[in-house]
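> Next one to model:
(4 chains)
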There are 2 protein chains.
Amino acid sequence: MSGTTRALRSDAERTVRTILEAAERVLSRNPAASMEQIAEAAGVARTTVHRRFASRDALVEAMAEWATRQFAAAVDAARPEQAPPLVALYQVTANVLRVKIDWGFAMSRASVAGVAGAEVARVHSEVEARCDQLFRQARTTGVLREDVEPEWARRVYYALIHEAAQSRDGEPEALAARLVDTMLRGLGPGPGLPPAPTAPSVPAPTPTAPPAPDPTAPAP
Amino acid sequence: MSGTTRALRSDAERTVRTILEAAERVLSRNPAASMEQIAEAAGVARTTVHRRFASRDALVEAMAEWATRQFAAAVDAARPEQAPPLVALYQVTANVLRVKIDWGFAMSRASVAGVAGAEVARVHSEVEARCDQLFRQARTTGVLREDVEPEWARRVYYALIHEAAQSRDGEPEALAARLVDTMLRGLGPGPGLPPAPTAPSVPAPTPTAPPAPDPTAPAP
DNA sequence: AGAACTTGCAACACTGATGACGCAACTTCG
DNA sequence: CGAAGTTGCGTCATCAGTGTTGCAAGTTCT
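The predicted structure is shown next:
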């Protein structure tokens, strides 16, 4: 890519960082925001943004790359393969939340196929693999049930992380605790009450979907 | 709004419907798609789209309204307040999934504050209220634990619905069953193994967040 | 069949966003 | 201090998407 560009001067570096942060702030509220708005939020002229990032896409790419690096670092720092699964799960969650709270937009862009650059995609799929690995180990350790598809487990995990990051009510550690607790124990009561039937003995859930309403009806 | 417009002719009505469906298909893949692309997907001239929908926003609004009507119908058809909470939960989930699978984009737009029209917003917050009511009842019935914040419970529920709709692997009933099961029991083992500690006895989860990487680094 | 309606096509106007320049003033760094 | 680098500002060029209009050809409905 931008292979051999001489290192930026310190002030320019600061500007780049400021722009990235502003872009995250603005785009997470309105993904269709203009460069102008981003520049304004960064306290910088619009032309400066264009000077640092060749195009809008380049900016988003840079955000994704920046966020991805933090993401990878967050996972690494938790050393998921060194600790027992349950602990690892908790640590990784807390660390990732810390990043995702501040870089939600950039990270979501990074995981959308086709938008991400090769490096970004690589890191994400690598983390995904480590996640699966962690889940497999959690399974053999008995932390995770054996009858759940890994695919679904990861989906649920990612979804909960997304939600927890959105909510922002509390410290990452607290959010992580609640998240892991919810994921493993669910929201139902522990042992003692009738567990939710997997295939509920309900009168074959009537395909209760009503006849399609009329799209042109003037709304009752 | 468009108060007194004479009913459309049958072919026009069909066109409107076709456009709405095409728009959902296209926009769910690429929210920034142009009217042109939507028209093409609908097998219709671009001008026709503009004839039926005054502006892009109007089109999205119409999609939201259309989806919202199906959404409300789906909830109603499940009669959540007539059945025992667990059954109701399952029924509602299955019905809503059926709609959300086909109208994911429109529904997500509908729940974004500010974008939705008054009627759409009203219906959604009404459904939200019924959801909370259902959860409250589930709580007193012992289907839901008492120590979870209702806010978090609803967030988790919505997030799981979103994921289940995304995955699309299976019939709505099967997805609903898995979803409800996951939400209530979690992914951890049932009674028998050490339940996940709410506050894990871990060496105070080191703020393992590493030093911020250099955004301008040429990527190792 | 005939009136009323709908659609495709082609053309046009308009707007907002994007991206590129050059220059003067300022900051960093050796 | 002085060279090199950086930023703000004004300016210009371009372009894609949006939204309109008029008309001929086709469809629906009575």
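> since we're on residue A:40, how many residues are nearby?
By the other CB atoms under 10 Å in any protein chain shown criterion, the neighbourhood of residue A:40 contains 16 residues. All C-beta spots, glycine's among them, are computed from the backbone N, C-alpha and C.
> pLDDT averaged over the helix or strand it falls within - what is it?
Using DSSP states H and E, residue A:40 falls within helix A:35-42. The average pLDDT within helix A:35-42 is 98.
> Run the contact check for that helix versus DNA strand C.
Yes - interface with DNA strand C: helix A:35-42 contributes A:35, A:36 (CB under 7 Å from any atom of the strand).
> buried residues in that helix?
A:35, A:37, A:38, A:39, A:40, A:41, A:42 (16 or more other CB atoms under 10 Å in any protein chain shown).
> count of neighbours near the closest residue to residue A:144 other than its chain neighbours?
Nearest residue to residue A:144, sequence neighbours excluded (CB to CB, 6 or more residues apart in numbering or on different chains): residue A:138, at 4.3 Å. Residue A:138 is flanked by 21 other residues according to other CB under 10 Å.
> Next, residue A:138: secondary structure please.
The local conformation at residue A:138, judged by DSSP: H, G, I helix; E, B strand; the rest coil, is helix.
> The helix or strand following the helix holding residue A:40: how far from the chain's middle?
The helix or strand immediately downstream of helix A:35-42 is helix A:46-52, counting by DSSP H and E. When distances are taken as CA atoms, centre = their mean, to the nearest Å, helix A:46-52 is centred 28 Å away from the chain's centroid.
> Quick check: which element contains residue A:80?
Using DSSP H and E, no helix or strand contains residue A:80.
> tally of neighbours for the nearest residue to it once chain neighbours are set aside?
Leaving aside its chain neighbours, residue A:80 sits nearest to residue A:88 (4.2 Å; criterion: CB to CB, 6+ apart). Taking other CB under 10 Å as the neighbour definition, residue A:88 ends up with a count of 21.
> Residue A:88 and residue A:94 touch, don't they?
No - applying CB atoms under 8 Å, one finds residue A:88 not in contact with residue A:94, separated by 10.9 Å.
> can you list residues touching both of the two?
residue A:78 (CB atoms under 8 Å, 6 or more residues apart in numbering or on different chains).
> contacts for stretch A:162-179?
With CB under 8 Å, 6+ apart as the criterion, stretch A:162-179 contacts A:90, A:93-95, A:97-98, A:100-101, A:104, A:160-161, B:151-152, B:155-156, B:158-159, B:198-200, B:205.
> now do stretch A:48-67
A:12, A:15-16, A:19-20, A:23-24, A:27, A:35, A:38-39, A:42, A:99, A:103, A:105-107, A:109-110, A:115-117, A:119-120, B:213, B:215, B:219.
> from the chain's centre, how far out does the helix or strand containing residue A:177 sit?
Residue A:177 belongs to helix A:172-185 when assigned by DSSP H and E. Centroid separation for helix A:172-185 versus its chain: 15 Å, with CA atoms, centre = their mean.
> Report the inter-axis angle for it versus helix B:172-185.
120 degrees (axes from the mean of the first three to the mean of the last three CA atoms, to 10 degrees).
> Please determine how far the nearest residue to residue A:72 once chain neighbours are set aside is located from residue B:89.
Excluding the flanking residues, the one nearest residue A:72 by CB to CB, 6+ apart is residue A:123, at 5.2 Å. Residue A:123 is 38 Å from residue B:89, where distance means CB to CB, to the nearest Å.
> Compare the two (neighbour count), which wins?
residue B:89 (28 against 20).
> In CSV, could you pull the C-alpha coordinates for the helix or strand of chain A with the lowest mean pLDDT?
In chain A, no helix or strand scores lower on mean pLDDT, DSSP states H and E than helix A:104-111, which sits at a mean of 91. Only the C-alpha atoms of helix A:104-111 are listed here, as CSV (Å, rounded to 0.1, in the frame of the first residue of the first chain):
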residue,chain,number,x,y,z
GLY,A,104,-17.7,0.6,17.5
PHE,A,105,-18.1,2.0,14.0
ALA,A,106,-14.6,1.2,12.9
MET,A,107,-14.9,-2.3,14.2
SER,A,108,-18.2,-3.0,12.6
ARG,A,109,-16.9,-1.8,9.3
ALA,A,110,-13.9,-4.0,9.7
SER,A,111,-16.1,-7.1,10.0
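> And that helix, what does it pack against?
helix A:10-29, helix A:56-78, helix A:118-141 (3 or more CB pairs under 8 Å, 6 or more residues apart in numbering or on different chains; DSSP states H and E).
> The ones you listed: which one's closest to DNA strand D?
When these are compared by CB to the nearest atom of the strand, helix A:10-29 sits nearest DNA strand D, at 3.1 Å.
> Next, the angle from the closest one to helix A:35-42.
120 degrees.
> list the buried ones in helix A:10-29?
A:15, A:16, A:17, A:19, A:20, A:21, A:22, A:23, A:24, A:26, A:27.
> Next: stretch A:132-144.
A:134, A:135, A:137, A:138, A:139, A:143, A:144.
> Show the model's pLDDT score for the last one.
I take that to be residue A:144. Note on residue A:144: pLDDT of 94.
> residues touching it, list them.
For residue A:144, the contact set (CB under 8 Å, 6+ apart) comprises A:85, A:135, A:138, A:153, A:184, B:187, B:188, B:189.
> Buried ones among the residues you listed?
A:85, A:135, A:138, A:153, A:184, B:187, B:188, B:189.
> could I get the helices and strands packed on helix A:104-111 as TSV with distance to residue A:176?
Output for the helices and strands packed on helix A:104-111, formatted as TSV (distance: least, CB to CB, whole Å):
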stretch	distance to residue A:176
helix A:10-29	21
helix A:56-78	10
helix A:118-141	14
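> Now mean pLDDT too, for those helices, in CSV please.
As requested, those are exported to CSV (pLDDT from 0 to 100):
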stretch, mean pLDDT
helix A:10-29, 97
helix A:56-78, 96
helix A:118-141, 94
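> Cross-check the contacts of stretch A:48-67 against DNA strand D and keep the overlap.
A:12, A:15.
> Mean confidence (pLDDT) on the helix holding residue A:177, please.
For helix A:172-185, the per-residue pLDDT averages 97.
> Now do it and helix A:118-141, the angle between them.
Counting by the same axes, to 10 degrees, helix A:172-185 lies at 50 degrees to helix A:118-141.
> Would you mind listing what in chain A touches DNA strand C?
A:9, A:10, A:11, A:34, A:35, A:36, A:47, A:50, A:54, A:55, A:56, A:57.
> what do you get if the cut-off is 10 Å, keeping everything else the same?
A:7-14, A:32-39, A:45-51, A:53-59, A:216 (CB under 10 Å from any atom of the strand).
> Now do the buried residues in stretch A:50-70.
A:52-53, A:59-70.
> go on, stretch A:179-195?
The neighbour-count check on stretch A:179-195 (16+ other CB under 10 Å) flags A:179, A:180, A:181, A:182, A:183, A:184, A:185, A:186, A:187, A:188, A:189, A:195 as buried.
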